[in-house]
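Asks: one predicted model, sequence on top.
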Amino acid sequence: MVKERAESERQSKNNSNRKSPLGAGRPSQRRTVGQTTPCKACGMTEWNEDEVRGETYCASCGHVAEENAIDPGAEWTNYSDGTDRSRVGAPVRDSLSDKGLNTTISRSDISGSGAARHGIRGSDAKHWRRRALIDERSKTRSSRARNLTKAMQFIRDRGNLPPALVEEAARLYRHAAEQGIVTGRSIRGVAAACVYLAARQAKLPRKIEEIAENFDMIDEQGMGEKELKRTIRLVARRLNAHHVSGPAEYLDKFHSDLGLPAPVLGEANYLWDRVGQSMEWQGKKPAGVAGVMLYKAAQNRGHPRTQAEVCKVVGVSEVTLRGLLRILETLLSQLGEAPSN
């Protein structure tokens with residue numbers, strides 16, 4: 001009896017002196033994939049993972065092989081059917097001078113009902129408005145920051161582009177500024193050139209005259225448009241943003257501007273597919289060619305538009321439109337399609 005008790009006490013003492021594995025009693029997970037290296041202490045290959053502490057330890061002896069591991073998973077679990085919460089904030093936007101990374105004091109929170117909602121009294125609201133003004137001015141102390149803010153505002157307000165293309169135009173402007181293209185040139189002109197190139201790369205081309213008008217670059221002598229053309233060529237060459245716009249890329253926009261039904265657009269695309277490979281169109285203005293395709297298609301589909309209406313949208317003279325129409329009808333007659341009046 002005494003011998004059995006001594007043996008029991010000896011086993012109990014050995015169990016108490018045995019080193020308990022690190023992480024015991026904490027949430028852990030047995031890792032079976034990607035961990036085949038044997039433990040340096042005992043040679044076993046069974047590992048446990050402590051997700052709370054970010055540790056990977058040996059399941060046999062408790063040797064810690066990895067610590068402070070980064071958990072890429074979400075910090076919360078969504079048990080509802082609603083939209084998952086986001087903890088990363090708004091996305092970075094190139095169309096903002098600071099890319100949206102700076103913290104701003106919202107004026108709606110320090111004036112009127114917003115101030116009352118936050119418990120800000122009249123005198124405190126005045127101080128907060130002054131702080132907001134100082135904070136706003138402190139972000140544009142350098143001339144580069146002021147110029148960038150002005151350019152981004154031009155692109156957002158006058159570019160008349162979809163949001164994705166606004167961001168692309170802003171990226172082009174930032175690249176142009178980094179390469180020194182803006183130095184010595186008009187901020188308005190370089191911003192307009194970036195808008196034009198962004199639209200052209202996305203195959204949603206804009207006319208130079210339209211861009212110049214939106215950016216208030218039209219004058220009586222036409223110097224604004226000439227300067228814009230030179231700037232576009234310079235930016236395209238320096239940024240390697242060359243893309244030649246074809247007549248087909250103008251059809252959608254002109255079709256919408258003329259208020260024509262969908263079958264007319266299909267007819268115009270059909271006409272261009274038939275005659276687009278002809279060398280007769282070499283050197284012709286793509287917008288004018290697109291205009292004559294729509295003019296002819298509208299006639300064929302019973303929704304005619306006058307030459308004056310088409311020329312106003314396309315930006316060519318009636319003489320030019322009639323000349324292009326003669327080329328189109330000649331090509332159609334050669335293909336065996338009788339011209340319709």
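Replies: Good, I have the coordinates. Please read all numbers here as calculations on a predicted model, not as lab measurements.
Asks: run through who's touching stretch 290-298.
Replies: Identification of contacts with stretch 290-298 by CB atoms under 8 Å, 6 or more residues apart in numbering yields 247-251, 254-255, 258, 260, 264-265, 267-268, 270-272, 304-305, 307, 310-311, 313-314, 316, 321, 324-325, 328-329. Bear in mind the C-beta positions are built from the backbone N, C-alpha and C, glycine included.
Asks: same question for that stretch, mean pLDDT?
Replies: Averaged over stretch 290-298, pLDDT sits at 93.
Asks: ok so, going back, return a PyMOL selection command for the buried portion of the contacts of stretch 290-298.
Replies: To isolate the buried members of the contacts of stretch 290-298 in PyMOL, using 16 or more other CB atoms under 10 Å:
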select buried, resi 247+248+249+250+251+254+255+258+260+264+265+267+268+271+272+305+307+310+311+313+314+316+321+324+325+328+329
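Asks: taking the contacts of stretch 290-298 one by one, which sit in strands?
Replies: Secondary structure defined by DSSP state E assigns none of the contacts of stretch 290-298 to strands.
Asks: do you have the helices of the stretch 151-300 of the chain handy? List them.
Replies: Per DSSP state H, counting those that start in this stretch, the stretch 151-300 of the chain carries helices over the ranges 163-178, 187-201, 208-214, 223-239, 248-257, 262-275, 286-300.
Asks: should've said the stretch 1-150 of the chain
Replies: Using DSSP H, counting those that start in this stretch, helices in the stretch 1-150 of the chain cover 2-17, 113-117, 122-138, 143-158.
Asks: nearest to residue 38, of those helices?
Replies: helix 2-17 (25.3 Å; CB to CB).
Asks: for the chain, what are the low-confidence residue spans?
Replies: Scanning the chain for pLDDT under 70 picks out 1-36, 71-91, 98, 100-101, 139-141, 220-221, 337-341.
Asks: domains for it, by residue range?
Replies: Domain assignment for the chain by automatic domain parsing gives 17-66, 107-138, 143-239, 248-334.
Asks: so which of the ones you listed is nearest residue 97?
Replies: Checking the domains of the chain against residue 97 by CB to CB gives domain 143-239 as the closest, at 4.1 Å.
Asks: distance from the chain centre to the closest one, please.
Replies: Mean C-alpha position of domain 143-239 versus that of the full chain (CA atoms, centre = their mean, to the nearest Å) differs by 17 Å.
Asks: end-to-end on that domain?
Replies: Terminal residues of domain 143-239 lie 23 Å apart, using CA to CA, to the nearest Å.
Asks: surely residue 45 touches residue 60?
Replies: No: Residue 45 lies out of contact with residue 60 (CB atoms under 8 Å); the separation is 9.3 Å.
Asks: what sits in contact with each of these two?
Replies: Counting by CB under 8 Å, 6+ apart, the shared contacts of residue 45 and residue 60 are residue 39.
Asks: follow-up on the earlier one: can you say which of the helices of the stretch 1-150 of the chain is nearest to residue 185?
Replies: Closest approach to residue 185 among the helices of the stretch 1-150 of the chain (CB to CB): helix 143-158, 11.0 Å.
Asks: now do the closest one: everything it contacts.
Replies: Identification of contacts with helix 143-158 by CB under 8 Å, 6+ apart yields 95-97, 139-140, 161, 166, 169-170, 173-174, 177, 182, 187-188, 190-192, 194-195, 214-215.
Asks: got the angle between that helix and helix 163-178?
Replies: Calculated by axes from the mean of the first three to the mean of the last three CA atoms, to 10 degrees, helix 143-158 forms an angle of 150 degrees with helix 163-178.
Asks: tell me the buried residues in helix 143-158?
Replies: Buried-residue list, helix 143-158, by 16+ other CB under 10 Å: 147, 148, 151, 152, 154, 155, 156, 158.
Asks: next: stretch 229-241.
Replies: Result for stretch 229-241 [16+ other CB under 10 Å]: buried residues 231, 232, 234, 235, 236, 239, 241.
Asks: closest to residue 49 out of the residues you listed?
Replies: Comparing the buried residues of stretch 229-241 against residue 49 with CB to CB places residue 239 closest, at 48.5 Å.
Asks: do you know how far residue 104 is from residue 61?
Replies: Here the criterion is CB to CB, to the nearest Å. By it, residue 104 lies 55 Å from residue 61.
Asks: tell me which of the two has more neighbours.
Replies: It is residue 61, of residue 104 and residue 61, that has more neighbours when counted by other CB atoms under 10 Å, with 15 against 11.
Asks: hang on, isn't the more buried one packed against residue 40?
Replies: No: the pair formed by residue 61 and residue 40 falls short of the contact definition of CB under 8 Å, at 9.8 Å.
Asks: alpha carbons of stretch 319-333, as CSV, please.
Replies: Only the C-alpha atoms of stretch 319-333 are listed here, as CSV (Å, rounded to 0.1, in the frame of the first residue of the first chain):
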residue,chain,number,x,y,z
VAL,A,319,-19.2,72.0,-97.9
THR,A,320,-17.0,69.4,-96.1
LEU,A,321,-20.0,67.3,-95.3
ARG,A,322,-21.2,67.3,-98.9
GLY,A,323,-17.7,66.4,-100.2
LEU,A,324,-17.6,63.4,-97.8
LEU,A,325,-21.1,62.4,-98.8
ARG,A,326,-20.0,62.2,-102.5
ILE,A,327,-17.2,59.9,-101.5
LEU,A,328,-19.5,57.7,-99.5
GLU,A,329,-22.1,57.4,-102.3
THR,A,330,-19.4,56.7,-104.9
LEU,A,331,-18.0,53.8,-102.7
LEU,A,332,-21.5,52.4,-102.1
SER,A,333,-22.3,52.5,-105.9
